[in-house]
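[1] sequence and predicted structure are below.
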Amino acid sequence: MQRVRIVVVGAGVIGLTCAHRLVRVGHEVEVWTRDAVHDTTSAVAAALWYPYRALPERAVTDWAAVTYDMFSILSVRPETGVTLRRGRELFRTGRPDPWWAPAVPRLGRVAPADLPPGYADGYEFAAPVAHMPRYLDWLVDELAAAGVWFRRRMLTDLDIARRAADLVVNAAGLGARELVGDRDLTAVRGQVVRVADPGLTRWTVDEQHPDGMVYVVPRGTDVVCGGTADEDAEDREPDPKTAEAILERCRELVPELTGAPVLGHAVGIRPVRTGVRVERGDDVVHCYGHGGSGVTLSWGCADEVVRLVTEA
């Protein structure tokens, strides 16, 4: 295999995972990023493995399955911050199996007797959860050990990166809207509240809640409570009233959260697109538009990027 000099643009979970795969197969890799790793949208993510706001269905299912398998392997290594946790998604009306069900080794149904009042159905399965501050640190350490350089660069297009390498991997998330003029990208704002973990053992999701989506994702030391999906909104400042509404919905669904101290607030901007873009041009491989599924699709999409680089 020919060794290729590659600049990965973007240091969210997609960019870091692409860099990890590329350097492991023998390429020379640098990561260029506008934001510090812990200032990216990925750092805010609840990071529950779950395909959300990402299409097309078949490709997303395949990428999600690869990522599920990789996270299962990483979950036995405490330093990665990845765990496998059982949980459930609840519905107020009956639902068929989700289209992404083939990506899950075992998808079950919540027994009727175990459904909370007001719910008619639910999925139940084990899903990877990544404690993102720890997981991102692990990825950065892995890359540094492999000789990957990180550079803080503010780009208005990809020309400088093209001149610095044989190939560019565009993993800029929402930034690709300006870098390559992709007007198919839209911003979907997500706000979360972190509270102390009272000892929860499972995650819970309710997208049908009449007052807004609900997800409760325990990570051992804290619980990520969400959330929102504000279309075409890019304000990164947490809104106190929104935070209170999030906590009210989460405590209603998971009463154990009542009284749990609030540890922090955060906002992330999801890069939503009609279809995740993973494709190659002459000197650039695009990998962006993962919506709310960046963590969920990361390893599968990184493998696809390696294939596109190798087949050139």
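    On my side now, so go ahead.
[2] low-confidence ranges in the stretch 1-150 of the chain?
    Residue ranges of the stretch 1-150 of the chain with pLDDT under 70: 1.
[3] for the protein, list the residue farthest from the centre, please.
    The centre of the chain is farthest from one residue, Ala113, which by CA atoms, centre = their mean lies 32.4 Å away.
[4] that one belongs to a helix?
    Yes: Ala113 forms part of a helix when assessed by DSSP: H, G, I helix; E, B strand; the rest coil.
[5] which ones are touching it?
    By CB atoms under 8 Å, 6 or more residues apart in numbering, the contact set of Ala113 is empty. Every C-beta, even on glycine, is put in place using the N, C-alpha and C of the backbone.
[6] show me where the stretch 1-150 of the chain has helices.
    Secondary structure of the stretch 1-150 of the chain (DSSP state H, counting those that start in this stretch): helices at 13-24, 57-74, 132-145.
[7] tell me the contacts of Val9?
    Contacts of Val9 by CB under 8 Å, 6+ apart are 15, 32-33, 155, 158, 161, 168-172, 175, 179.
[8] what's in contact with the host helix or strand of Val216?
    Using DSSP states H and E, Val216 sits within strand 214-218. The contact list for strand 214-218 (CB under 8 Å, 6+ apart) reads 46-48, 85, 129, 197, 200-207, 223-227, 249-250, 253-254, 257.
[9] related to what we said a few turns ago, of the contacts of Val9, closest to Arg58?
    Distance to Arg58 across the contacts of Val9 (CB to CB) is lowest for Ala171, with 21.8 Å.
[10] report the separation between that closest one and Trp100.
    Distance, Ala171 to Trp100, using CB to CB, to the nearest Å: 22 Å.
[11] with Arg3 instead?
    Taking CB to CB, one finds Arg3 at 36 Å from Trp100.
[12] number of residues surrounding Arg58?
    Arg58: 11 surrounding residues under other CB atoms under 10 Å.
[13] against Arg151, how distant is it?
    Here the criterion is CB to CB. By it, Arg58 lies 36 Å from Arg151.
[14] got it, and Arg162?
    Counting by CB to CB, the gap from Arg162 to Arg151 is 15 Å.
[15] the more surrounded of those two?
    Neighbour comparison, Arg162 and Arg151: the larger count goes to Arg162, with 15 against 12 (by other CB under 10 Å).
[16] contacting residues for that one?
    168, 283-284.
[17] of those residues, which is the nearest to Pro261?
    Pro261 lies nearest to Val168 out of these, by CB to CB, at 44.4 Å.
[18] and the closest one, what does it touch?
    Shown in contact with Val168 (CB under 8 Å, 6+ apart): 6-9, 158, 161-162, 283-285.
[19] buried subset of these?
    Neighbour counting over these (16 or more other CB atoms under 10 Å) leaves 6-9, 158, 161, 284-285 as the buried ones.
[20] can you redo these as TSV with distance to Val295?
    As requested, these are arranged in TSV below (distance: CB to CB, whole Å):
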residue	distance to Val295
Ile6	22
Val7	23
Val8	17
Val9	19
Leu158	25
Ala161	24
Val284	23
Val285	20
